[in-house]
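Novice: after the sequence you'll find the predicted model.
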2 protein chains.
Amino acid sequence: MKKFEEKTIQSKHIFSGRIVDLFVEQVELQNGEQSTREIVRHPGAVAIIAITDDDKLVVVEQYRKPLERSLLEIPAGKLEPGEDPAESAIRELEEETGYTTERLTYLTSFYTSPGFADELLYVYLADQLKVAENGRQTDDDEFVEVFEYSLDQLEAFEASQRIHDVKTVYALQYLKLNQKQKG
Amino acid sequence: MKKFEEKTIQSKHIFSGRIVDLFVEQVELQNGEQSTREIVRHPGAVAIIAITDDDKLVVVEQYRKPLERSLLEIPAGKLEPGEDPAESAIRELEEETGYTTERLTYLTSFYTSPGFADELLYVYLADQLKVAENGRQTDDDEFVEVFEYSLDQLEAFEASQRIHDVKTVYALQYLKLNQKQKG
């Protein structure tokens, strides 16, 4: 038995959406008691730390309905069914920023909210950027503006919370760690 | 009007749970077209980077039902209604690890999944740890085991994906940056 495993007694499929599914599961705990778990199922996503030749980070501004505000974030998007994360990263980079690259490096992956969601985010580094042949092609219901900022500028946006999501905060830490390694 | 604002045409409350609520909203985009947004509402959470006197990080292992596996994570928990995040951080630290501190430092906050959830995570640094008077007191349906590891050990767990959630990956980046600043 897996450590602290919670056996499913009953699983109820509450909602099936375009992005997420919601389940409520009755579980048996290791002490024999029961509890419920609310589980958001998500297809997974990719995010791209894209660095220009003059050492700027490519970020996109978009409205985030759950927060009722826009944020500056690194380019990202959900995986299509059966899609390889690296292909997805190139696709999202091209669609959202108009850049592409032949040099994509896998950095890491992590669960964003393991308490209630199974979303796994794959993070890639992209440099040696080139202009994509097809240019930007955002989804019909997606409006994004593209910017390129230095680390100093990005840190100011982090302080003022225009940057306020974890994948972009991770990207800034990554740049700081990398800069220190160079220095 | 806020940049790229998406006006709510209709909001449907799909589910109300112990941890999350789910809404589906019909929105009007800036081009006049309509789309739907799936929104998970969450009370927010705190996470604690707790450092022992011998420079180890306190982590807890617990089963994550959405992933059907256990993870090693920094201590964390959701905010109770009306609770101040700093109070919540001390409460979660005491309950999950049996440690407390009089020195708690706010580090940052970030949204974990702004595309579909409003969960905001507040991150605190705790050092000068002391044993809490009441010891550990986890919730009835919560089973966690406490460990203390050095950064080298933690990096090995990150490589093997026993550490695989973003708040703990953030904590490791924080420790690495801090170590470099010292060095």
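Specialist: Happy to help now that I have it. Bear in mind the structure is a predicted one, so any value in this text is a computation, not a measurement. Residues are numbered from 1 along each chain as shown, chains lettered A, B, ... in the order given.
Novice: what's the burial count for A:S11?
Specialist: 12 (other C-beta atoms under 10 Å in any protein chain shown). No exception for glycine: its C-beta is placed from N, CA and C like everyone else's.
Novice: ah, wrong one, I meant A:I19
Specialist: Neighbours of A:I19 (other C-beta under 10 Å): 18.
Novice: now do A:L175
Specialist: Neighbour number of A:L175 under other C-beta under 10 Å is 18.
Novice: then the one 3 residues further on?
Specialist: Counted with other C-beta under 10 Å, residues neighbouring A:N178 total 14.
Novice: now do the SS call for it.
Specialist: A:N178 falls in the helix class when you classify it by DSSP: H, G, I helix; E, B strand; the rest coil.
Novice: and it, what's its pLDDT?
Specialist: Listed pLDDT for A:N178 reads 91.
Novice: how close does it sit to A:L172?
Specialist: Distance check for A:N178 against A:L172: by C-beta to C-beta, to the nearest Å, it reads 11 Å.
Novice: please identify the helix or strand for the spatially most distant residue from the centre of chain A.
Specialist: The C-alpha centroid of chain A is most remote from A:G32, which lies 36.7 Å away (C-alpha atoms, centre = their mean). In the assignment (DSSP states H and E), A:G32 maps to no helix and no strand.
Novice: A:T8 versus that one, what's the distance?
Specialist: 15 Å.
Novice: ok, now which ones touch A:R37?
Specialist: A:6, A:24-25, A:27, B:65-66 (C-beta atoms under 8 Å, 6 or more residues apart in numbering or on different chains).
Novice: so which of those sit within strands?
Specialist: Among the contacts of A:R37, DSSP state E puts A:24-25, A:27 in strands.
Novice: which of those lies closest to A:P85?
Specialist: A:E25 (26.9 Å; C-beta to C-beta).
Novice: residues near that closest one, how many?
Specialist: A:E25 has 18 nearby residues by other C-beta under 10 Å.
Novice: touching, it and B:P66? I think so.
Specialist: No: assessed by C-beta atoms under 8 Å, A:E25 is found out of contact with B:P66, at 9.4 Å.
Novice: need the overlap of contacts for the two.
Specialist: Common neighbours of A:E25 and B:P66 (C-beta under 8 Å, 6+ apart) are A:37, A:39.
Novice: so where do the strands sit in chain A?
Specialist: Per DSSP E, chain A carries strands over the ranges A:7-16, A:21-28, A:34-41, A:45-50, A:57-64, A:69-73, A:76-78, A:99-100, A:103-111, A:120-127, A:130-131, A:144-149.
Novice: by contact count, what packs against the last one?
Specialist: Applying 3 or more C-beta pairs under 8 Å, 6 or more residues apart in numbering or on different chains; DSSP states H and E, one finds that strand A:144-149 contacts strand A:57-64, helix A:85-97.
Novice: tell me what the first one is packed against?
Specialist: With contacts defined as 3+ C-beta pairs under 8 Å, 6+ apart, the packing partners of strand A:57-64 are strand A:45-50, strand A:69-73, helix A:85-97, strand A:144-149, helix A:151-159, helix A:166-182.
Novice: point out the most buried one among those.
Specialist: Greatest average neighbour count among the helices and strands packed on strand A:57-64 goes to strand A:45-50 (a mean of 26), per mean count of other C-beta atoms under 10 Å in any protein chain shown.
Novice: pull out the CA atoms of that strand and give them to me as PDB.
Specialist: Below are the C-alpha coordinates for strand A:45-50, written out as PDB (Å, rounded to 0.1, in the frame of the first residue of the first chain):
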ATOM      1  CA  ALA A  45       0.100  22.700 -19.200                       C
ATOM      2  CA  VAL A  46       3.300  24.100 -20.500                       C
ATOM      3  CA  ALA A  47       5.100  27.400 -19.700                       C
ATOM      4  CA  ILE A  48       8.100  28.900 -21.600                       C
ATOM      5  CA  ILE A  49      10.900  31.000 -20.200                       C
ATOM      6  CA  ALA A  50      11.800  32.700 -23.600                       C
END
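Novice: gap between it and the chain center?
Specialist: Centre-to-centre, strand A:45-50 and its host chain are 6 Å apart (C-alpha atoms, centre = their mean, to the nearest Å).
Novice: could you do stretch A:28-44 as well?
Specialist: The chain centre lies 24 Å from the centre of stretch A:28-44; the measure is C-alpha atoms, centre = their mean.
Novice: one step back: out of the ones in strands among the contacts of A:R37, who's near chain B?
Specialist: Among the ones in strands among the contacts of A:R37, proximity to chain B is found for A:24-25, A:27 (C-beta under 8 Å from any C-beta of the partner chain).
Novice: pLDDT added to those residues, as a markdown table?
Specialist: Listed next are these as a markdown table, based on pLDDT from 0 to 100:
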| residue | pLDDT |
| --- | --- |
| A:V24 | 98 |
| A:E25 | 98 |
| A:V27 | 97 |
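Novice: quick check, central residue of chain A?
Specialist: A:A47 (4.5 Å).
Novice: ok, that one touching A:I74?
Specialist: Yes: assessed by C-beta under 8 Å, A:A47 is found in contact with A:I74 at 5.3 Å.
Novice: anything in contact with each of those two?
Specialist: In contact with both A:A47 and A:I74: A:167, A:171, using C-beta under 8 Å, 6+ apart.
Novice: returning to what we had before: just say which of the strands of chain A is most tucked in.
Specialist: Taking mean count of other C-beta under 10 Å, strand A:45-50 is the most buried of these, at a mean of 26.
Novice: out of the helices and strands packed on strand A:57-64, which gets nearest to B:G98?
Specialist: helix A:166-182 (27.6 Å).
Novice: fine by me, we can end here.
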